[in-house]
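Chemist: Generate a structure from the sequence data that follows.
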Amino acid sequence: MKTAIYPFAALVGQDTLKLALLLNAVDPVIGGVLISGEKGTAKSTAARALAAVLPPIRRVAGCPFQCGDRFVTGPDNRDLWEECPHCRELSEPSIIETPVPFVDLPLGATEDRVLGTLDFQRALREGQRALHPGLLASAHRGILYIDEVNLLPDHLVDVLLDAAAMGVNTVQRDGVEIQHPSRFILIGTMNPEEGELRPQFLDRFGLMVTVAGSREPEVRSEIVRRRLAYETDAVVFSQRWSAEQDDLRRRIVQARHVLGQVEHDDGLLSFISQLCCELHVDGLRADIVLLRTARALAAWHARARVAMEDIRAAAELVLPHRRRRRPFEKPGLDQQRLDELFQQDPASRPRKRPEEPASTQSDSATAPNEKTEIIPPSQPPPFRRIEMATPPNVPANHGRRNAVRTEGRGAYVRAVADPTAGDIALDATIRAAILRSNPQSAIRNPQFPVEVLPEDVHRKERSGRIGTLLLFVVDSSGSMAARRRIEAVKGAVLGLLQSAYEERDQVAVLAFRGPQAELLLPPTRSIEAAESALRSLPTGGRTPLAHALTAARELVEKTGRSQPGVPILLIVLTDGKANVCLPGVVGDPWQQALTAAAALAETAALMCDIETGVARSGRPQILANAMGAECLRLEDLSAENLLLMVREQSRQLMAP
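Modeler: Numbers count the residues shown, from 1 in each chain. Below you'll find the predicted structure:
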C-alpha cells in the first residue's frame with residue numbers, strides 16, 4: 001500500500017520555501033527551485049508535498065511522453081498527435097485525468113535511463129529501432145526532483161542543462177534520432193557542506209532558497225508533534241489537512257487563470273534591469289525570471305498589477321545565486337544596497353526603449369491564460385524522428401580535467417566492437433545482430449529469431465570524470481614564527497583552492513601544532529568550507545611533524561578504500577623542525593618524521609619549504625627526497641607557481 005505524502009499545508013514554518021514552490025506551480029516557466037540548507041530542514045518533504053497540491057492533468061492513457069488532450073482534439077492538432085511515436089499508433093486514444101508526474105532522478109542513474117534507450121522488446125520481436133523513453137519523458141508536464149543535486153555526476157548535469165534550456169530531449173543512438181518534449185519543474189535540494197553546484201547548472205534554477213532549522217522552541221515542538229502524528233497514521237493525518245490542500249489547489253488554479261492578465265509598468269521593467277546591473281548579476285536570465293516571478297506573486301495575491309513589493313520579494317529569490325561572486329564569497333545580496341535601490345522612485349527613472357517594428361511586438365504577456373496545465377504548450381512541434389545509417393560517435397572527453405576511460409563506471413559514451421567484452425553494450429550488440437540478420441524479414445515475421453554471434457558483441461566505452469583529492473598538510477606550529485609567513489602560506493593555498501573550485505576537486509586540510517595533528521576538514525568538495533578552515537587555522541606550539549605525516553598516510557589509505565581510483569595529491573607545508581614524537585612512542589622526532597615520509601613514497605606529493613633565514617636546516621628537501629616529491633621554497637611559494645606545480649602533478653597522475 002502506498003504511503004500518503006506529507007501534506008504541503010501541514011508544513012510548519014519555511015514560508016519562503018513554500019512560496020518559491022507555489023510560485024513555480026503558478027508559472028512553471030520560472031524555472032524551478034534550488035533548495036539549499038542543512039540536513040533535517042524539510043527540503044525533500046516540501047518538494048514531494050508540492051506535487052500533491054497541483055491540479056491534475058489530462059493525458060492520453062498509456063502515453064510515455066505524457067501527451068495531453070490538445071494533441072488529439074480538433075483537426076489543427078492532428079499533425080502534432082501523429083508525430084508522437086506512441087499516439088500515432090492509436091485509432092481512438094483514451095483521455096484520462098491523472099496526478100501531475102513526480103519523477104525522482106537518482107544520483108546513480110545511467111545516461112540511458114535519463115535520456116532513453118533502445119526498446120529491446122520491439123528490436124527482438126519486430127526488428128525495429130524504437131525508443132524506450134527515459135526519465136526526461138516521464139517528467140514532461142510534471143516535476144523532476146533531484147535530491148543532493150550538487151553530487152550529480154557531470155555527464156548527467158550536461159544532459160539536464162540541454163533539456164532545461166530547450167524544453168526538448170534529443171536521443172541520438174542505435175541508428176535513430178528522436179526528439180520529444182521535456183518541460184518540467186526542476187526541483188533540487190543540496191547541503192552546501194557536501195559541495196558546490198556548477199555555475200551553469202545553478203543558473204538554470206529560476207529561484208533559490210536557503211533554509212535553516214528554526215531556533216524557536218514553539219515552532220520546533222509543533223514540527224515534532226505533526227511529524228509524530230503523520231508517522232502514527234499517515235492517511236488519517238492527511239485527511240485532517242484535506243480542506244487546506246484543496247484550498248491551495250483552487251488558489252493555484254485561480255492564479256494561473258489571471259497570470260496572463262497581470263500588467264506591469266514599463267518603469268518597473270526598467271527598474272528591474274537597473275537592479276540587476278547595480279547588483280552585478282550575470283546574464284539576462286535574471287531580468288526575465290525576476291519579472292516572471294513578480295507577475296506570479298501578483299497573481300498569487302489576486303492582484304491585477306505588479307507592485308514594488310512583488311519585485312522586492314522576487315529579488316530575494318531570483319538574484320542571490322546569480323550575483324557575480326568570487327569562488328569563496330558567500331552567496332547572497334547586499335541588503336543595504338538593495339534597500340537603497342528600492343527607496344528610489346521607479347517612476348523617476350528614464351523609460352528609454354529601442355524602437356521596434358510593430359510586427360515584432362508580442363501581446364503574450366497580457367493575454368489571458370486559460371490553460372491550467374502545469375507546463376503550458378508554448379513550444380514548437382515536439383516530436384522529430386530521423387533515421388540514421390550508423391550511430392553517432394560521441395567524444396569521450398568533455399573538457400574537464402581528469403576525464404578518463406573507466407571500466408564499469410562513468411558515462412556510456414559509445415560502443416566498440418569487442419568479442420571478448422566484459423561490460424557488454426546490449427543495445428549495440430542487438431542492433432548489430434538485427435542489421436546482420438536482415439531486419440526486413442524480421443518486420444514481416446514478428447517471430448523472426450535474432451541470433452547473436454561473436455562478431456556482433458560490442459563493449460561499452462565509458463568516460464568518467466575523476467576529481468583529484470588535494471590533501472593539505474599545514475605546519476601551524478610556533479616554529480613558523482612570524483604571522484607574515486602564515487599569511488603568505490594561506491595566500492598561496494587560497495590561490496590553489498580557486499583552481500580546485502573550478503575543477504571541482506576534493507579538498508582536505510590537516511594542520512599540526514602542539515601535541516599532534518588535527519584533521520580540520522575531511523575530504524569535501526565544498527571549497528568555501530576549505531577556505532574557512534584555512535582562515536581559522538590555529539597557530540603556535542610545538543611541531544608534531546611525524547604524527548602529521550602518519551595521519552596523512554592513514555587518510556590516503558582510507559580514501560583509497562572508500563573511493564578507489566581517485567587520484568590523491570599531498571601538499572605538505574612545513575619548515576621541517578620536528579620536535580614532538582609520535583603519541584605513545586619514544587624516539588627521535590626527526591627520524592620518526594623521516595620514516596613517516598618514506599611511507600608516503602607511493603603517494604604523489606609536493607613539499608613546500610616555508611623555512612626562512614640565512615641559516616637553513618634543509619630538512620624540507622630531505623623530507624621531499626624521502627617522499628619522492630618536488631620541493632618548492634617559500635620565496636617561490638606564490639599562488640601562480642604553486643598552481644602550476646599542482647597542475648603538472650595532476651597531469652602526471654592521469655598519465656597512462
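Chemist: Can I get stretch 610-630 as CSV, trimmed to CA atoms?
Modeler: Only the C-alpha atoms of stretch 610-630 are listed here, as CSV (Å, rounded to 0.1, in the frame of the first residue of the first chain):
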residue,chain,number,x,y,z
ILE,A,610,58.5,27.5,4.4
GLU,A,611,61.8,27.8,6.3
THR,A,612,63.3,31.3,6.4
GLY,A,613,66.5,32.9,7.4
VAL,A,614,70.1,32.7,6.3
ALA,A,615,71.0,29.5,8.1
ARG,A,616,68.6,26.8,7.0
SER,A,617,68.4,23.2,8.0
GLY,A,618,67.4,21.9,4.6
ARG,A,619,65.1,19.4,6.3
PRO,A,620,62.1,20.0,3.9
GLN,A,621,64.3,19.0,1.0
ILE,A,622,65.4,15.8,2.9
LEU,A,623,61.7,15.0,3.6
ALA,A,624,60.9,15.6,-0.1
ASN,A,625,63.6,13.2,-1.2
ALA,A,626,62.3,10.6,1.2
MET,A,627,58.8,11.1,-0.3
GLY,A,628,59.9,11.3,-3.9
ALA,A,629,58.3,14.7,-4.1
GLU,A,630,59.1,18.1,-5.7
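Chemist: Please tell me how far residue 91 sits from residue 50.
Modeler: Distance, residue 91 to residue 50, by CB to CB, to the nearest Å: 37 Å. Just so you know, the C-beta spots here come from the backbone N, C-alpha and C atoms, and that holds for glycine as well.
Chemist: what about these two, which has more around it?
Modeler: Neighbours were counted for residue 91 and for residue 50 using other CB atoms under 10 Å; residue 50 has more, 24 against 4.
Chemist: Test my guess that residue 472 contacts residue 505.
Modeler: No: applying CB atoms under 8 Å, one finds residue 472 not in contact with residue 505, separated by 11.7 Å.
Chemist: What segments of the stretch 551-656 of the chain are strands?
Modeler: 568-574, 604-609, 630-633 (DSSP state E, counting those that start in this stretch).
Chemist: Kindly report the same for the stretch 401-550 of the chain.
Modeler: Going by DSSP E, counting those that start in this stretch, the stretch 401-550 of the chain shows strands at 403-406, 411-417, 458-465, 469-475, 506-513, 516-524.
Chemist: count of neighbours near residue 454?
Modeler: Residue 454 has 9 nearby residues by other CB under 10 Å.
Chemist: for residue 156, same thing?
Modeler: Neighbours of residue 156 under the rule other CB under 10 Å: 23.
Chemist: what's the answer for residue 314, then?
Modeler: Count around residue 314 with other CB under 10 Å applied: 25.
Chemist: Provide a list of residues in contact with it.
Modeler: Contact analysis of residue 314 by CB atoms under 8 Å, 6 or more residues apart in numbering lists 290, 293, 294, 297.
Chemist: Could you list the low-confidence segments of the stretch 351-500 of the chain?
Modeler: Where the stretch 351-500 of the chain drops to pLDDT under 70, the residues are 351-414, 435, 437-450, 462-466, 479-500.
Chemist: run the last query once more with 80
Modeler: Across the stretch 351-500 of the chain, the ranges flagged by pLDDT under 80 are 351-415, 421-423, 426-428, 430-451, 461-467, 477-500.
Chemist: now the strands of the stretch 551-656 of the chain as TSV including mean pLDDT, mean neighbour count and distance to residue 547?
Modeler: Formatted as TSV, the strands of the stretch 551-656 of the chain follow (pLDDT from 0 to 100; neighbours: other CB atoms under 10 Å; distance: least, CB to CB, whole Å):
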stretch	mean pLDDT	mean neighbour count	distance to residue 547
strand 568-574	89	25	12
strand 604-609	88	24	17
strand 630-633	84	18	21
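Chemist: Any chance of TSV for these, columns distance to residue 54?
Modeler: Listed next are the strands of the stretch 551-656 of the chain as TSV, based on distance: least, CB to CB, whole Å:
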stretch	distance to residue 54
strand 568-574	47
strand 604-609	52
strand 630-633	58
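Chemist: For residue 230, find the nearest of these.
Modeler: strand 568-574 (44.6 Å; CB to CB).
Chemist: and the angle from that closest one to strand 469-475?
Modeler: In terms of direction (axes from the mean of the first three to the mean of the last three CA atoms, to 10 degrees), strand 568-574 departs from strand 469-475 by 10 degrees.
Chemist: hang on, the earlier thing: make TSV out of the strands of the stretch 401-550 of the chain and add mean neighbour count and distance to residue 221.
Modeler: As requested, those are exported to TSV (neighbours: other CB atoms under 10 Å; distance: least, CB to CB, whole Å):
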stretch	mean neighbour count	distance to residue 221
strand 403-406	16	49
strand 411-417	19	47
strand 458-465	21	45
strand 469-475	25	42
strand 506-513	24	38
strand 516-524	18	33
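Chemist: can you tell which of those is closest to residue 56?
Modeler: With respect to residue 56, and counting by CB to CB, the nearest of the strands of the stretch 401-550 of the chain is strand 411-417 at 35.8 Å.
Chemist: Contacts for the strand or helix carrying residue 289 next, please.
Modeler: Assigned by DSSP states H and E, residue 289 belongs to helix 285-300. Helix 285-300 is contacted by residues 22-23, 26-27, 29-31, 203, 206-207, 251, 255-256, 258-259, 262, 264, 268-269, 272-273, 275-276, 304-307, 310-311, 313-315, 317-319, 322, 365 when judged by CB under 8 Å, 6+ apart.
Chemist: which ones among those are found in helices?
Modeler: 22-23, 26, 203, 251, 255-256, 258-259, 268-269, 272-273, 275-276, 310-311, 313-315, 317-318 (DSSP state H).
Chemist: so what's residue 51 up against?
Modeler: 5, 99, 100, 102, 142, 143.
Chemist: out of those, who has the most neighbours?
Modeler: For the contacts of residue 51, neighbours tallied by other CB under 10 Å; top is residue 143, 25 neighbours.
Chemist: In a strand, that one, correct?
Modeler: Yes: remark: residue 143 belongs to a strand, assigned using DSSP: H, G, I helix; E, B strand; the rest coil.
Chemist: mind listing what's buried in the helix or strand hosting residue 172?
Modeler: For residue 172, the enclosing helix or strand under DSSP H and E is strand 168-173. Residues 168, 169, 170, 171, 173 are the ones in strand 168-173 that count as buried (16 or more other CB atoms under 10 Å).
Chemist: gap between the third one and residue 451?
Modeler: Applying CB to CB, one obtains 32 Å for the distance of residue 170 from residue 451.
Chemist: In PyMOL, how would I select just the buried ones from the contacts of helix 285-300?
Modeler: The buried residues among the contacts of helix 285-300 can be selected in PyMOL (16+ other CB under 10 Å) with this line:
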select buried, resi 22+23+26+27+29+30+31+203+206+207+251+255+256+258+259+262+264+268+269+272+275+276+306+307+310+311+313+314+315+317+318+319+322
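Chemist: Residue 215: neighbour count?
Modeler: Residue 215: 7 surrounding residues under other CB under 10 Å.
Chemist: Kindly report the same for the one 10 residues further on.
Modeler: Residues contacting residue 225 under the criterion other CB under 10 Å number 11.
Chemist: can you pull the pLDDT of it?
Modeler: The score at residue 225 is 94. That number is its pLDDT.
Chemist: Pick out the least confidently modelled helix or strand of the protein, by mean pLDDT.
Modeler: Every helix and strand of the chain was ranked by mean pLDDT, DSSP states H and E. The lowest is strand 403-406, at a mean of 44.
Chemist: any low-confidence regions in the stretch 551-656 of the chain?
Modeler: Using pLDDT under 80, the stretch 551-656 of the chain drops low at 562-565, 611-616, 634-656.
Chemist: Contact partners for the closest residue to residue 31 other than its chain neighbours?
Modeler: Excluding the flanking residues, the one nearest residue 31 by CB to CB, 6 or more residues apart in numbering is residue 206, at 2.8 Å. Shown in contact with residue 206 (CB under 8 Å, 6+ apart): 24, 30, 31, 32, 33, 289, 292, 293, 318.
Chemist: Next one: the residue lying closest to the second one once chain neighbours are set aside relative to residue 159, how far apart?
Modeler: For residue 30, the nearest residue in space outside its immediate sequence neighbours is residue 206; the separation is 4.0 Å by CB to CB, 6+ apart. Counting by CB to CB, the gap between residue 206 and residue 159 amounts to 19 Å.
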